[in-house]
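Colleague: this one's structure only:
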């Protein structure tokens, strides 16, 4: 069993051979607009960036895809590195993606912005001030409660600098960088380092805190090369105080391409999901886990539990009041199943539902929320499924 597990893990960490990853670039971003319509951003078969919307009164009635001008540049839309959407005040809408550059594992975070509710968009532009041909990838983007746009990404400028200042062996992983914009992406502040020693290829989860500022969670490289998760409040860094949010104690010198999800809890703290491997005797137990986090990001130990599916991967989580939704993809041979774990009591108990099943290439499931309304969006090579979560 252990050899099978590590064979699967090595394939996962190889990047180009991610376990069960779609060969087509189907990875998309979804979000509700202020008017309750559902928006999806992704790539079509020709590699063009498109925007598609469904009206609030019929979320399964997708309109005609609208091709956006990107000057023909390359766009990442695979797995955890996919286009994103965010809505702010004053009709601001932003769309982001990673543009892969010529050198392996390098990229630039690109953004299109709108100041008229999405009627028109700018041409893409680079968000960060640093323009080296290095890793700037796996961005996340959100507006805080004050309407400030926050963009975060995985950045390797410090790792690249380390050997030049005699620290080649001491710098592990990458770093999390961010910047902010107070005018909806028209201008940006400086690049700010949130934390050193992040994992290199995992998504960054964002959630709103009770003070209106954002909180971030990411896979972090702790001492002795432990790839658990860090948590930090976005505020007056640098650098932020990194709180350890998971304790799987997973020792691995590789990136599993499997980042966390996070949502604010009604009674304080956060709901979180992540993938990790724990030791149990001589066995390595791989699982996607759910837990409650305290307000400072530390885990509520007794709440940590594995999802009820050993094939679960790339889970997402949302919460509305005491309703908590966790969704994930489960792959068994040629079939992929969309599973949901739903709670009506703030995560104390859950019930399992199967929402859909497909053959062939498909994206990870994405959750979107508008007030009390929550949906799971699942794109495959033939269609985009929207599952309203009523529980």
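Modeller: Nice, I can see it. Keep in mind that this is a model prediction, so the values were computed, not measured.

Colleague: tell me where the model's unsure across this protein.
Modeller: 1-23, 165-169, 237-238 (pLDDT under 70).

Colleague: grab the most central residue of it for me.
Modeller: Nearest to the geometric centre of the chain sits residue 203, at 4.2 Å (CA atoms, centre = their mean).

Colleague: now the helices for the stretch 1-150 of the chain?
Modeller: Assigned by DSSP state H, counting those that start in this stretch, the helices in the stretch 1-150 of the chain fall at 2-13.

Colleague: still on that earlier bit, looks like the residue nearest to the centre of the chain contacts residue 141 (just checking).
Modeller: No. Residue 203 is not in contact with residue 141 according to CB atoms under 8 Å; the separation is 11.7 Å. Heads up, the C-betas are built off the backbone N, CA and C, glycines and all.

Colleague: and for those two, which residues touch both?
Modeller: Common neighbours of residue 203 and residue 141, using CB atoms under 8 Å, 6 or more residues apart in numbering, do not exist here.

Colleague: number of nearby residues for residue 354?
Modeller: Close neighbours of residue 354, defined as other CB atoms under 10 Å, add up to 10.

Colleague: scratch that, residue 189 is what I was asking about
Modeller: Applying other CB under 10 Å, we find 12 residues neighbouring residue 189.

Colleague: that one in helix, strand or coil?
Modeller: coil (DSSP: H, G, I helix; E, B strand; the rest coil).

Colleague: pull up the gap between it and residue 103, please.
Modeller: Note on residue 189: its distance to residue 103, by CB to CB, to the nearest Å, is 27 Å.

Colleague: with residue 214 instead?
Modeller: Distance, residue 214 to residue 103, by CB to CB: 31 Å.

Colleague: next one: residue 378
Modeller: 33 Å.

Colleague: just residue 252 next, same as before
Modeller: For residue 252, the distance to residue 103 equals 24 Å [CB to CB].

Colleague: go on, residue 212?
Modeller: Here the distance between residue 212 and residue 103 works out to 39 Å (CB to CB).

Colleague: do the same with residue 368
Modeller: On the measure of CB to CB, residue 368 and residue 103 end up 34 Å apart.

Colleague: and the two? which has more neighbours close in?
Modeller: Neighbour count, other CB under 10 Å: between residue 368 and residue 103, residue 368 has more, with 21 against 10.
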